[in-house]
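Trainee: The sequence isn't on hand, but the structure is:
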Ligand code: FAD
């Protein structure tokens, strides 16, 4: 069976959920071989093996933390060459984070293939891997394949379930020779963002968003209270962000972040096409809006016509009792 390389997103050895989702997709098209880089990489092996990695290639060189993406591209290229030399490589799967997308594009260029970004599904037919993308503000679903070389595919978080699938997970050191460009840009410092304790917006299983209807930054506390009762991330429409009520990092939509959670709750959001572009692939969509004619109701699974200042606190209290 062909092998599938999976780039591991981890923090000091703790594997992030989108990587476990990649393993689910990788198992559909071949045997997953995980590539974990940087401090703590070897500690990822047990978790990766529990989710189907037949092998984990690791390298803990300091270069991965000290420099930007090129050392990671060098490492993935080395992994592609090692796996291809030993057998056949079906695809390289990478999570759709900003950094990983840059790595994917550079890798595809290096190995003379093509990159498909922001896939929401990956499967294989007799001609090889096929990725599904959601395009034009999620108005269309397209099936795409790379016509030359080993496809490099970035996959949006929450596109596949996390599945336990015990595998060997043997650990091997990856031998990497860094290129001349690897040390071109040095990281001189890191300032961690103040943590809200909430999940990362693009990875959250539940997102609770507020729009112009929230009517002020102080009122976002009721959106946050609902989010916290559900363990959700908080999103915002551009109208709310432009008004200065919530940070741009939380904007959902065409010029914000694209989310695909299991549950998206839109409060006081009309459902403009540019907002839909960032949330339409959510599995279940709920809206609270006082205007029964609001376009958001065209795409919801459940809609509440009502004043969010009445509905949202009641919903929060009800959830807290469960
Ligand atoms: P509105 O459209 O004003 O809707 C507010 C809604 O709240 C209304 O439906 C109203 O009925 C409801 N409401 C009011 N009070 C209450 C209440 N008390 N209880 C319940 N409901 C209430 N938008 C984005 O969101 N993300 C983007 O990334 C984005 N990118 C854009 C890019 C471009 C190039 C352009 C041109 C626009 C972009 N926009 C984006 C803006 C987009 O077109 C809309 O203007 C924006 O999404 C509207 O935000 P909203 O739904 O919060 O506000």
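Mentor: Sure, I can see it. In this text, all values refer to a predicted model and were calculated from it rather than measured experimentally.
Trainee: Toward the C-terminus, what is the element adjacent to the strand ranked longest in the chain?
Mentor: Ranked by number of residues, the top strand in the chain under DSSP state E is strand 115-125. Moving toward the C-terminus from strand 115-125, the first helix or strand encountered (DSSP states H and E) is strand 128-135.
Trainee: List the buried residues of that following strand.
Mentor: Within strand 128-135, the residues scored as buried using 16 or more other C-beta atoms under 10 Å are 129-134. Every C-beta, even on glycine, is put in place using the N, C-alpha and C of the backbone.
Trainee: And stretch 214-228, by the same measure?
Mentor: Using 16+ other C-beta under 10 Å as the burial criterion, the residues of stretch 214-228 that qualify are 214-215, 219-220, 222-228.
Trainee: model confidence over that stretch, on average?
Mentor: Confidence over stretch 214-228, taken as the mean pLDDT, stands at 98.
Trainee: Walking through the stretch 51-200 of the chain, point out its strands one by one.
Mentor: In order along the chain, the stretch 51-200 of the chain carries the following strands (DSSP state E, counting those that start in this stretch): 55-59, 89-95, 115-125, 128-135, 140-144, 152-155, 170-173.
Trainee: Among the buried residues of strand 128-135, which one sits closest to the ligand?
Mentor: residue 134 (15.3 Å; C-beta to the nearest ligand atom).
Trainee: Quickly list what that closest one is bridged to.
Mentor: In this entry, residue 134 is beta-bridged to residue 141, by DSSP bridges.
Trainee: so what's it up against?
Mentor: Under the criterion of C-beta atoms under 8 Å, 6 or more residues apart in numbering, the neighbours of residue 134 are 118, 120, 140-141, 280-281.
Trainee: from these, which is closest to residue 175?
Mentor: Checking the contacts of residue 134 against residue 175 by C-beta to C-beta gives residue 118 as the nearest, at 31.6 Å.
Trainee: In this structure that closest one contacts residue 157, no?
Mentor: No: Residue 118 is not in contact with residue 157 according to C-beta atoms under 8 Å; the separation is 10.3 Å.
Trainee: okay, these two: which has more neighbours?
Mentor: Per other C-beta atoms under 10 Å, whichever of residue 118 and residue 157 has more neighbours is residue 157, with 25 against 18.
Trainee: now the more buried one: how far from the ligand?
Mentor: When distances are taken as C-beta to the nearest ligand atom, to the nearest Å, residue 157 and the ligand turn out to be 18 Å apart.
Trainee: Residue numbering should commence at 17 henceforth.
Mentor: New numbering, starting at 17: the last item is residue 173.
Trainee: just to revisit the earlier point, shared neighbours, residue 134 and residue 173?
Mentor: The overlap between the contact sets of residue 134 and residue 173 (C-beta under 8 Å, 6+ apart) consists of residue 112.
Trainee: Break down the stretch 167-316 of the chain into its helices, ranges please.
Mentor: When assigned using DSSP state H, counting those that start in this stretch, the helices of the stretch 167-316 of the chain occupy the ranges 236-246, 254-258, 289-292.
Trainee: again, but for the stretch 17-166 of the chain
Mentor: Assignment of helices within the stretch 17-166 of the chain using DSSP H, counting those that start in this stretch yields the ranges 33-45, 61-66, 79-82, 86-102, 114-126.
Trainee: elements contacting the longest one?
Mentor: Right, the one you point to is helix 86-102. When contacts are defined as 3 or more C-beta pairs under 8 Å, 6 or more residues apart in numbering; DSSP states H and E, helix 86-102 sits against strand 19-23, strand 47-53, strand 71-75, helix 79-82, strand 105-111, helix 114-126.
Trainee: what does the second one contact?
Mentor: Read it as strand 47-53. By C-beta under 8 Å, 6+ apart, the surrounding residues in contact with strand 47-53 are 17-24, 26, 35, 38-39, 42, 58, 60-61, 64, 68-77, 80, 87-88, 91-92, 95, 99, 183, 190.
Trainee: Could you identify the buried members of those?
Mentor: Burial of the contacts of strand 47-53 was assessed by neighbour count (16+ other C-beta under 10 Å); the buried members are 18-24, 26, 35, 38-39, 42, 60-61, 64, 68-77, 80, 87-88, 91-92, 95, 99, 183, 190.
Trainee: which stretches of this structure aren't confidently modelled?
Mentor: Under the criterion pLDDT under 70, the flagged ranges of the chain are 153.
Trainee: burial count for the closest residue to residue 118 other than its chain neighbours?
Mentor: Residue nearest to residue 118 in three dimensions, not counting chain neighbours: residue 85, with 5.2 Å by C-beta to C-beta, 6 or more residues apart in numbering. Neighbour count for residue 85, taken as other C-beta under 10 Å: 20.
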